[in-house]
Every structure is written in structure tokens, then in C-alpha cells.
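Student: I'd like to go over a predicted model; first the sequence, then the structure.
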Amino acid sequence: MNASEGGLTAYRARLDAAMERAGAWPEDSPWLREAVAAVPRDLFAPDRLWRWDGQAYAPLDRAGDPRGWAEEVYGGIHAAAITQLTGGRPSSSLSAPAVVADMLDSLRLEPGQRVWDIGTGQGWTTALAAHRASPGAVVSTEVDEALAAFARGRLAAAGVDADVLVADATTSGPPGGRPVDRIHATYAVDALPHSWVEAVRPGGRIVYPWGQLGHVALTVAPDGTATGWVQGLAQFMSDRHAPPQAGTAPAAYAAVRGDNDPDTHTAVDRDLAPLDSDWHLKFAIRVAVPDAVLLTGRDQDGANAWVHDGVSSWASFAARGDGSATLFQGGPRRIGDEVLAAWARWEELGRPDLYDFGITVTAHGQWAWLHEPDGPRWPIRQPAPARS
């Protein structure tokens, strides 16, 4: 197969079949399968993509390697395609098809509803939402002028009636100042701007990626609060206001640690395997220590882990080959100890699933909770003032 129209048709069919085999087409939103067929993701892929070669992101051009380009666009139902680098780090992508379908299913979008699509990127999710809503009902905002222009061109070429505006959604209100029925965000935010809640009519929904892991669907109440459940796992590009060290790549950990030696080292009587394999544990740590970025890997001694806070504190867990580990820590915080405390608390709470968690947002604060809004809760740090 190649990147000709005939070859792309085959790739599209392969994605459709893979989604079906995995049960990734949402039963409650059959329109999504129709939308993906009507506006396939390759229509929104730029001619240059970026592929990790083990050391850095290397360009992958459609003209020079059409088959490799198509393989990258359709790398799998859980694979994103990197479409832009900024400072050597990914800053935009075509999101993984399974996650896109899950998030749009969580939106519970109905024809005629007005949608504010935040973070246009290449315009693919904008096109999918517009396929469900009526013409002109979807308005998307994108902070990057070049991306906005690209998306406009691709949407027009695909015959999609949706507006793309250049704006920073963290500092601006809804497009046109009119309330919307749905907000769909495509970049990760740690604390939801309350202005987004104010932009949605009572009974409307907000679906967004929550920080480094997970996506959430909130329903807006008449009193201006919003609450809802975690819907699944997702890892999206961060808000452009996030610090450059806040990424999940090994280079981000190296940037925080620098050349610093550890301040402490202690023995840990735990097998680190769950940190590497149990996503429910990883999510619980994400709830309790929201700024902890966790990386894992394996060697002959077992599972190892590296943690940083995106600023100045770091920790590494080195497996010792006997089911225990050594914890090295540096910086003003003991972030490794925080991770261990969160792990112990998760066990005390009965090892809940990530789907047992939810979030509430009010004008005065927001928090994650377990089982019910009045259950155990963890505060969510409010965002810093937007950069001017």
C-alpha cells in the first residue's frame, strides 16, 4: 500500500476494521464511524510528519516516502501522528483514533447543538464534530496562526462548514460571546478555566484531557458548577502555557535533573512492576500528585521508574533484582516519597479503578473525588495567571 488514493482507501479500511475488532466504535454514537469514513484522517495530515527514531524526532515526508507517511498516519488505533515540533518537542498531532472516538462519544453531541472546539490543530476532530452537528454549528479556536490557516484549508477542501478562529481559549470567552452546548478540548489542561464552564449552557457538557493522563466529561449545572466522571485514558499535548520541562519524554526528566547528584537514597521494599503495568495505579498517583510525571522501563533487574515535577524535583527508582528497589531523590521536594504515599493510599482505598474517579469545578475551586462528589477528594491546583 502507498499514499495514492487507492492505497489510502485500503489504510482507511484497515483502521475501520481494527477499531471494530477492538470494540472501539462506541455503540451509543454510531455517527462516529460514519464521520470517520466521510472525513478520514489522512485528509488532515500535513505532508511532513515527525517520527521518533530512538534519539530524536526525524522528518517523514510524503513525497519522499509515501508508504512510510501513510503508515505513520494510520499507525494504529492507539497511535498519534506527530505533525509539528516546537523547540524539538511535539506541539501538535493527529490524535489516536480510539481516543478521539471515545472523547467525542463522551460529548453526547446531537445535531444542531453549538460546539466550541478548543485547539483546532489540523482540524480533524473539528470536521468529525461538524459532521454530527449542523453546518456552521462548530466554531474552533487555535492559538497557532499557521495551524489555524492549515486547518481552514483542509476543512474547506473536505467540504466541511466550520469556522476556525485564532484565539487563546485560556484567556478568551466563547467565539462570538454566545453560550454553547458543548466544549471539546484537544489539549491537556490541569485545572479547567472556569470561563469554559461559564460559556456552556446549563445541561451542556465539557470534554477535555486532564493533565498528563485521562480525559473527563463534565455536565454544567444551573448554579455554574460542573461535575462528571473520568471517561478513560488519554495523553495529549499540554496547554501552551505549560513549562517546557512538563513533558512525558525522557528528555524532560533529564532537563529537570540536570547534572545534579541525588540528595538522598533509601531502600524501598516494593516490586515496582505495578508502576510499569497498572494504569489504575498510575491514574491514582496522577490524582494524588498531579504534577508528578512518571516514566517507567524494564531491565534485567526488573521495573524501574523516574519521576519529576517539571520544575526542580526528581526521583529515580532503581530495581535491585530481588523485588526491591533503591530510591534516589533530588531537589526541594521528596517527590519519590509522595509517589509511594499515593501508592499506599490507593491500596488503603481498595485499589479503585480510574473510572471510579470524577471531578467537580466551581468558581472558587476544583477537586478530584472518588466514588461520589462528597467522597474522598484531592484539590486541583488553580492555573497560574495567563502569560501576557
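Tutor: Nice, thanks for sending it over. Quick caveat: nothing in here was measured; it's all calculated off a predicted structure.

Student: helices of the protein, start to end?
Tutor: Using DSSP state H, the helices found in the chain span residues 5-21, 31-38, 66-73, 97-107, 124-132, 145-157, 194-198, 250-257, 273-277, 279-288, 335-348.

Student: separation between the residue of the chain positioned farthest from its centre and residue 340?
Tutor: Distance from the C-alpha centroid of the chain peaks at residue 322, with 35.3 Å (C-alpha atoms, centre = their mean). According to C-beta to C-beta, to the nearest Å, residue 322 and residue 340 sit 18 Å apart. Where C-beta positions appear, they are placed from N, C-alpha and C, glycine not excepted.

Student: rewinding a little: quick check, pLDDT for the residue farthest from the centre of the chain.
Tutor: As predicted, residue 322 sits at a pLDDT of 95.

Student: start at 50, not 1
Tutor: Will do, 50 is the new start, and the previous item becomes residue 371.

Student: excluding its backbone neighbours, what's nearest residue 81?
Tutor: Take residue 81 and drop its neighbours on the chain: the residue closest to it by C-beta to C-beta, 6 or more residues apart in numbering is residue 150, 5.2 Å away.

Student: what about the one you found, neighbour count?
Tutor: By the criterion of other C-beta atoms under 10 Å, residue 150 has 22 neighbours.

Student: show the pLDDT at it.
Tutor: 96.

Student: go on, residue 288?
Tutor: Predicted confidence (pLDDT) for residue 288: 60.

Student: can I assume residue 315 is in contact with residue 374?
Tutor: No - Residue 315 is beyond contact range of residue 374, at 9.7 Å (criterion: C-beta atoms under 8 Å).

Student: between these two, which one's more packed in?
Tutor: residue 374 (26 against 13).

Student: and the gap between the more buried one and residue 209?
Tutor: Residue 374 is 51 Å from residue 209, by C-beta to C-beta.

Student: where in the stretch 300-437 of the chain is pLDDT low?
Tutor: Low-confidence segments of the stretch 300-437 of the chain (pLDDT under 70): 431-437.

Student: just the strands from it, written as ranges.
Tutor: Remark: strands assigned in the stretch 300-437 of the chain by DSSP state E, counting those that start in this stretch are 313-317, 342-348, 351-357, 363-368, 374-379, 406-410, 415-419, 426-428.

Student: for residue 332, which of these is the nearest?
Tutor: Of all the strands of the stretch 300-437 of the chain, strand 406-410 sits nearest to residue 332, with 7.1 Å by C-beta to C-beta.

Student: could you work out the end-to-end span of stretch 242-254 for me?
Tutor: Using C-alpha to C-alpha, to the nearest Å, the end-to-end distance of stretch 242-254 comes out at 14 Å.

Student: would you mark the buried spots in it?
Tutor: Neighbour counts over stretch 242-254 (16 or more other C-beta atoms under 10 Å) mark 242, 243, 245, 246, 248, 249, 253, 254 as buried.

Student: which residues touch stretch 95-109?
Tutor: Stretch 95-109 is touched from outside by 110-112, 117-118, 121-122, 130-134, 137, 139, 171, 199, with contacts defined as C-beta atoms under 8 Å, 6 or more residues apart in numbering.

Student: one step back: does the residue nearest to residue 81 touch residue 75 like I think?
Tutor: Yes - using C-beta under 8 Å, residue 150 is in contact with residue 75, at 6.0 Å.

Student: got any residues that touch both of the two?
Tutor: Residues within reach of residue 150 and of residue 75 at once, by C-beta under 8 Å, 6+ apart, are residue 81.

Student: just list the residues touching residue 430, thanks.
Tutor: 239, 240, 339, 340.

Student: and of these, the nearest to residue 183?
Tutor: Among these, residue 240 lies closest to residue 183 (C-beta to C-beta), at 32.3 Å.

Student: what about the closest one, neighbour count?
Tutor: Residue 240 - counted by other C-beta under 10 Å - has 19 other residues nearby.

Student: correct me, but it touches residue 415?
Tutor: Yes - here residue 240 reaches residue 415: they are 6.1 Å apart, a contact under C-beta under 8 Å.

Student: of the contacts of stretch 95-109, just the buried ones, ChimeraX syntax please.
Tutor: Buried residues among the contacts of stretch 95-109 (16+ other C-beta under 10 Å), as a ChimeraX selection:
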select :111,117,118,121,122,130,131,132,133,139,171,199
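
Student: now for the contacts of stretch 95-109, which pair is the farthest apart?
Tutor: Longest span within those, C-beta to C-beta: 112 and 137, 23.2 Å.

Student: hang on, the earlier thing: now, which of the contacts of stretch 95-109 sits nearest residue 228?
Tutor: Using C-beta to C-beta, residue 171 comes nearest to residue 228 of the contacts of stretch 95-109, at 27.2 Å.

Student: quick check: nearest residue in space to that closest one, chain neighbours excluded?
Tutor: Residue nearest to residue 171 in three dimensions, not counting chain neighbours: residue 93, with 4.2 Å by C-beta to C-beta, 6+ apart.

Student: residues contacting that neighbour?
Tutor: Residue 93 sits next to 143, 171, 172, 173, 176, 200, 203, 207 when contact means C-beta under 8 Å, 6+ apart.

Student: give me the pLDDT for it.
Tutor: Predicted confidence (pLDDT) for residue 93: 98.
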